[in-house]
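Student: Give the three-dimensional model of this entry:
(one chain, ligands or ions: 1)
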Amino acid sequence: MALTGLDIFKLLPKGNCKKCGMPTCLAFAMQLAQKRAKLDDCPEISEEAKQKLAAAAAPPMRKIVFGSGDAQVQTGQETVLFRHDEKFHNPTVIAATVSDKLAGQALQERIQSVKALQFERVGTHIGIKAVAVVNESGLADTFAQVCSAVKDGTGLALILVSDSPQAMAAAAKRVGQSMPLLAGARMNTAEAMAKVAKDTGCPLVARAGSIEELADLSEKIKAAGVENIVLTLDALTLADQLYGLSRMRVLSLKKVFRPLGYPTLSFVGQGDASRQGAIAVSLACKYSGIVVLDTVEPGVLLPLLTAVMNIYSDPQKPVQVEPKVYAVGEPNENSPLMFTTNFSLTYYSLESDVEASRVPSYILVVDTEGTSVLTAYSGDKLNEKVVAQAMLKHDVAKLVKHRKLIIPGYVAVMSGKLEEATNWEVMVGPRECSMLPKYLQDVWK
Ligand code: SF4
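Tutor: Numbering: from 1, shown residues only. A predicted model of the protein is given here:
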């Protein structure tokens, strides 16, 4: 159980010296209990108390990092059960498998298919971040060779999947410097797998069929000297798995039950690609830190990655684009100029429809704190003064020689005041930006 503020207070120096930035030791203890302060903020604390409190100050779920350099990924360190309570921190890592039974051309084709699973969505790059090499051959040398080929061929973080400590040791020897995630140890291989993890410094997956067994296994691995652990609940139906993952999340976050205080990894079985995608979305919602799929169908991966992107966006921060002037196509001084808000979805919807019109244009993005046109207008974040200031700030008068500004149809009501504030002719565009291609082609001749 986590220590309460009073438990922590008993171990503090009680000098009220304020060096931690708090007015009293009690105030600091309360902050520490709520994980809003760090133990190191108190320079007066004794080593003995520090050790006792370190466990209480540690996050309830450990952060696990694997991969290296640009391919480094992290998972875990979540603090809440529900996104609206705060936010989720580390998006579910989506990984695809490569079997070590593949060789030659077939292996290269699979590597290229995996590598291609990178996408752009509303101005953000999303893609798979890891590759799970599966030791289906049962051969240690083959496994090591394929792991090496996949590492070089994809440049992504590796997950090494084998039940054989010998195969794991051979592969870890070959690609250990790239800090792969070793998946993993079962009760009967815990010591041997922990030795591979300890020797290489790589994180290790604990695999078991029940929560109780997983808790025992993670304790066993930790006792063998491995701190960085990921948990996999194996051999269950999807319903059981979701129930189990949810229970594990509650036990780790609410009860601070340390043996389960690690991120989780789920394998989505083989079979129909669409079904894999649907299962993976469920697992990403509740509460897999890493999901491994067999499919490399872009049509399945893109919706999955989009769902993960949405689940892990900060609910208190709308996704925004930078307020500035964007050129669509190659506009010139005679091209249309229009404005919109800096809510990412609004901007990219507009940009895509301007592109579809084939009329090169300028889009002035006005800072409305990431809100959409109607929300910004009703909250007075979008009015004639805000638009006029943005036009001045971004010097739009130098971009075009005409003095016409197209405004969103939803805020037609501001056209009069905007004309007065800017001395520009205001043209009211369509309410829906899907009508914009026709509007631009008809009006801007
Ligand atoms: Fe108390 Fe330590 Fe803060 Fe000083 S720095 S007020 S001793 S908690």
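Student: Output the helix or strand where Arg207 lies in CSV with nothing but the alpha carbons.
Tutor: Counting by DSSP states H and E, the element that carries Arg207 is strand 204-208. C-alpha atoms of strand 204-208 as CSV (Å, rounded to 0.1, in the frame of the first residue of the first chain):
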residue,chain,number,x,y,z
LEU,A,204,12.3,-8.7,-20.0
VAL,A,205,8.7,-9.8,-20.5
ALA,A,206,7.1,-12.1,-17.9
ARG,A,207,4.5,-14.4,-19.5
ALA,A,208,1.8,-16.3,-17.5
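Student: when you give positions from now on, start the count at 618
Tutor: Sure, I'll start counting at 618 from here, so that last one is strand 821-825.
Student: packing partners for it?
Tutor: Judged by 3 or more Cβ pairs under 8 Å, 6 or more residues apart in numbering; DSSP states H and E, the packing partners of strand 821-825 are strand 798-802, helix 807-817, helix 828-840, strand 846-850. (Each C-beta comes from the backbone N, C-alpha and C, glycine too.)
Student: what about the residue lying closest to Thr806 once chain neighbours are set aside, how many neighbours?
Tutor: Leaving aside its sequence neighbours, Thr806 sits nearest to Pro782 (Cβ to Cβ, 6 or more residues apart in numbering; 5.5 Å). Here the count is done by other Cβ atoms under 10 Å, and Pro782 has 20 residues near it.
Student: related to what we said a few turns ago, let's have the helices and strands packed on strand 821-825 in CSV, adding distance to the ligand and mean pLDDT.
Tutor: Shown next, in CSV, are these (distance: least, Cβ to the nearest ligand atom, whole Å; pLDDT from 0 to 100):
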stretch, distance to the ligand, mean pLDDT
strand 798-802, 38, 97
helix 807-817, 36, 97
helix 828-840, 30, 97
strand 846-850, 32, 97
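Student: Determine which of the ones you listed approaches Leu981 most closely.
Tutor: Closest of the helices and strands packed on strand 821-825 to Leu981 is strand 798-802, at 45.8 Å (criterion: Cβ to Cβ).
Student: need the contact list for the nearest residue to Leu756 once chain neighbours are set aside.
Tutor: Among residues not flanking Leu756 along the chain, Ala784 sits closest, at 7.2 Å (Cβ to Cβ, 6+ apart). Contact partners of Ala784, counting by Cβ atoms under 8 Å, 6 or more residues apart in numbering, are Asn752, Gly755, Leu756, Ala757, Phe760, Ala761.
Student: Tell me the secondary structure at the residue in the stretch 868-1017 of the chain that the ligand sits nearest to.
Tutor: Going by Cβ to the nearest ligand atom, the ligand is nearest to Val873 of the stretch 868-1017 of the chain, at 21.7 Å. Using DSSP: H, G, I helix; E, B strand; the rest coil, the structure places Val873 in coil.
Student: was I right about it contacting Pro677?
Tutor: Yes - Val873 is in contact with Pro677 according to Cβ atoms under 8 Å; the separation is 4.8 Å.
Student: tell me the mean pLDDT over stretch 1010-1018?
Tutor: For stretch 1010-1018, the mean pLDDT works out to 96.
Student: With stretch 1033-1043 instead?
Tutor: On average, stretch 1033-1043 scores 96.
Student: Likewise for stretch 750-769?
Tutor: What stretch 750-769 shows for mean pLDDT is 98.
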